[in-house]
Structures are given as structure tokens and as C-alpha cells.
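predicted model and sequence below, questions to follow.
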Amino acid sequence: MNLTNDLQIFSADVSPATLATSIAKHGYAVVQDLLNKKKIEILKNQLAPHLDSVDLGDPDPFFGHKTKRFGALLSRCPLTREMLIDRLVLGTADLVLGPHCVNYQVNYTGVMYLSPGEIAQSIHRDTGFYPIQNPAPPLTLATMWASTDFTRENGATRIIPGSHLWSDRREPSADEIIQVEMCAGSVLFYTGSLLHGGGANRSGTARCGVALHYSLGWLRQEENQYLAVPVEEVRTYSKEIQRLMGYDLATVNLGFADHKHPNDILNKTDSDSHGVLGTKEMMEADNAVQRFKVTSTSAVGRARIKV
Ligand SMILES: O=C(O)CCC(=O)C(=O)O
Ligand SMILES: [Fe+2]
């Protein structure tokens, strides 16, 4: 495949620091071959029965009339639990989101399966539903895992490099858009304030991406993980996944239930050493968080731009 020129594209042995630097500067980075051929097949096999049972199209044109979507992936597609805690991904999230929160969390899980004939999605920011003016520090970090090749013809994600640094008033021109062509098994990382959208599928086969997004722990999750996955099933997951799903304090005094640590309630354990409302270490981490400076509100709406 001839890949888009000038793409910030790295091999799987890249360091989290290099990825975080690219994401800070360009708003995105692509890592090739994070899933090997065997894993891609497992992923496809786990997605297949759900794709079969999902209808094409959604009344909201934003979601696409010829796109199949479903969420609750941590439950529906077990391999995503492994992908979620990939060391390169979490190492990068530590650097991108870590400065602005004590804990980050799962924000969204979902499949975007663009059938032939799908038109381009409007250009938007994934963080548009948070009423925070842009430019802003990263609120979310998205990973889009290609389970098929992403090509110009089949609807590879369109992005506007650098637009994570723009104000809400700036709109992109057509020549600022690039398409992220990547082979199956590759991953596109981008921050939620990067302007982007799905491409048009002019090919004869579907384009399928698996999106796993992370956000600052003090924001509301886009996909409510407490309801997306039955609690009995969550109890069988590792502590790391439970905590990423939100069964943790976001910081001192944030996210407890009945004045107990959420992980204790989930696992029916007694409050362990971290205590009910957070530890001394958590308070220290809280004090190290880079705080947002909010000076004004604005009437600018969220971007949904037809380009
Ligand atoms: O399908 C894609 O490439 C991107 C989809 C997207 O950005 C979204 O639905 O928010
Ligand atoms: Fe999006």
C-alpha cells in the first residue's frame, strides 16, 4: 500500500515519549503493526457475530447511513481488554493525559465499520460535548485500531494535523485534510480536540476500525462503563482494567460510593490501605496536576463541518 505522504508514522518499537511528542505537536501519531496477523484474525472473529447482528445505518447522519456501530467492546470482544492495556498505549496515555489528572479512564469503546457507499463523516472534535473552549490541554486520547487496511478509497480517517491547537472559530480548508492510510493491525492515536472524521468508502469492501478512547478521570465518560458491562463480569477482569473502567477514585474525594472506595464495593473487599477517600500519594499526585485556567465562556458551538 502507498501510504499518505508526511504522515507521523512509527514502528511498534517506538517509545511512548516519541509518540507523546508527535501527539503534542501534530495532534496525532500512527503506529504500524501493533497487532500481528494472528491477533488481527482473533479480533475479526470476535467482531464478526456482533457485526452480523447490527443493522446498517443510524438516523443521525453523523453516525453514517452505511456504517455499523456497536460499543461495550470490553465485554463483547475480549481481545480489546488486552488492547486497552497495551504498554505502549498506556505509556503514551500516561504522558498525554497524566499531567492533567491523577487517574485517566476509559472514555469510549466502539466499532466503526464503514460499508461501501458510505459518505464522508462531518469533521468534528470528539471532545465537542465538553463545554471547554479550544485550544485546551488534551481531554481525551483516542486509539483507532485498524482491523482492515485503511485506504483513501475505503474511508481511512480524515484528520487535520495541528488542528488540536486551533481555536473553535477556525475551520479547515479542504487542502488541510489528510487521510490516515494504514495497514490492518496499525493504530492511529489522536487527541480529542484534533479535527477529524471518517472518510468516504468508495471501494467494494468494508473498512473496520476499533476505537478505544481514554479521558481525564474527572470528566464524564462518553460510554458509561458501569452500564455497558454487567458488574458480575467486571469482577472477573483484572484490577487494572476495573480501575481504567472507572472503578477507582478519579482523585481524592472524587468517585466514591457510600464513602467507600469503588473498587472495594465492586470486589466486596474491605477498605484496603489506600483508605476511603484517597491516599497521601494520591493527594501529592493531585497537587502536581496541571490545572486548567478558565477565564471566560464563549457562544461558539461544536464543530460539525462538511468538507
Ligand atoms: O470512522 C472513523 O474513521 C472516525 C469516526 C469518528 O471519528 C467518530 O465517529 O467520532
Ligand atoms: Fe470522532
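That came through fine. Ligands and ions are numbered 1, 2, ... in the order given.

burial check on the residue lying closest to L277 once chain neighbours are set aside, number of neighbours?
Leaving aside its sequence neighbours, L277 sits nearest to N253 (Cβ to Cβ, 6 or more residues apart in numbering; 4.9 Å). Quick note: C-beta positions are derived from backbone N, CA and C, even for glycine. Using other Cβ atoms under 10 Å, N253 has 14 neighbouring residues.

CA atoms only: put stretch 199-214 into CSV for me.
C-alpha atoms of stretch 199-214 as CSV (Å, rounded to 0.1, in the frame of the first residue of the first chain):
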residue,chain,number,x,y,z
GLY,A,199,-13.7,9.1,5.1
ALA,A,200,-16.0,8.1,2.2
ASN,A,201,-15.9,4.5,1.3
ARG,A,202,-15.7,4.3,-2.5
SER,A,203,-14.3,0.8,-2.5
GLY,A,204,-16.1,-2.5,-2.8
THR,A,205,-15.3,-3.7,0.7
ALA,A,206,-15.8,-2.5,4.3
ARG,A,207,-13.4,-0.5,6.4
CYS,A,208,-13.4,-1.5,10.0
GLY,A,209,-11.8,0.3,13.0
VAL,A,210,-11.9,-0.4,16.7
ALA,A,211,-11.9,2.7,18.8
LEU,A,212,-10.7,2.7,22.4
HIS,A,213,-10.6,6.1,23.9
TYR,A,214,-9.3,7.3,27.3
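
off-centre distance for it?
Relative to the centre of its chain, stretch 199-214 is centred 15 Å away, using Cα atoms, centre = their mean, to the nearest Å.

could you give the secondary structure assignment for the residue nearest the centre of the chain?
Ranked by distance to the mean C-alpha position of the chain (Cα atoms, centre = their mean), the top residue is H213 at 1.8 Å. Here H213 is strand, with the state taken from DSSP: H, G, I helix; E, B strand; the rest coil.

around ligand 1, pick out the residues from this protein.
Residues of the chain lying near ligand 1 by Cβ under 6 Å from any ligand atom: M112, Q121, D126, T157, H196, G197, G198, G209.

looks like the fourth one contacts R207 (just checking).
No: the pair T157 / R207 is not scored as a contact, 9.2 Å apart, by Cβ atoms under 8 Å.

give me the common contacts of those two.
Taking Cβ atoms under 8 Å, 6 or more residues apart in numbering as the contact rule, T157 and R207 both touch F150, G199.

any chance you could map the helices in the stretch 151-300 of the chain?
Secondary structure of the stretch 151-300 of the chain (DSSP state H, counting those that start in this stretch): helices at 225-228, 231-234, 239-245, 262-267, 280-288.

what helices or strands is the fourth one leaning on?
So that's helix 262-267. Where contact means 3 or more Cβ pairs under 8 Å, 6 or more residues apart in numbering; DSSP states H and E, helix 262-267 is packed against helix 239-245.

for W145, helix, strand, or coil?
strand.

JSON lines for the residues of the chain next to ligand 1, including pLDDT and neighbour count?
Shown next, in JSON lines, are the residues of the chain next to ligand 1 (pLDDT from 0 to 100; neighbours: other Cβ atoms under 10 Å):
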{"residue": "M112", "pLDDT": "98", "neighbour count": "21"}
{"residue": "Q121", "pLDDT": "96", "neighbour count": "23"}
{"residue": "D126", "pLDDT": "98", "neighbour count": "23"}
{"residue": "T157", "pLDDT": "98", "neighbour count": "27"}
{"residue": "H196", "pLDDT": "98", "neighbour count": "29"}
{"residue": "G197", "pLDDT": "98", "neighbour count": "22"}
{"residue": "G198", "pLDDT": "98", "neighbour count": "25"}
{"residue": "G209", "pLDDT": "98", "neighbour count": "24"}
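
inside strands: which ones of these?
M112, H196, G197, G209 (DSSP state E).

number of residues surrounding T21?
Neighbours of T21 using other Cβ under 10 Å come to 14.

which residues in this protein form strands?
9-10, 28-31, 67-70, 104-114, 123-124, 140-146, 158-159, 178-179, 187-191, 196-197, 207-216, 304-305.

report the contact partners of the residue nearest to the centre of the chain.
H213 touches V106, N107, Y108, T109, D126, T140, L141, A142, T143, G192, E222, counting by Cβ under 8 Å, 6+ apart.

one more pass at 7 Å, please.
H213 makes contact with N107, Y108, D126, T140, L141, A142, E222, according to Cβ atoms under 7 Å, 6 or more residues apart in numbering.

F70: which of the helices of the stretch 151-300 of the chain is closest?
Closest to F70 of the helices of the stretch 151-300 of the chain is helix 225-228 (Cβ to Cβ; 10.6 Å).

and the closest one, how far out from the chain's middle?
16 Å.
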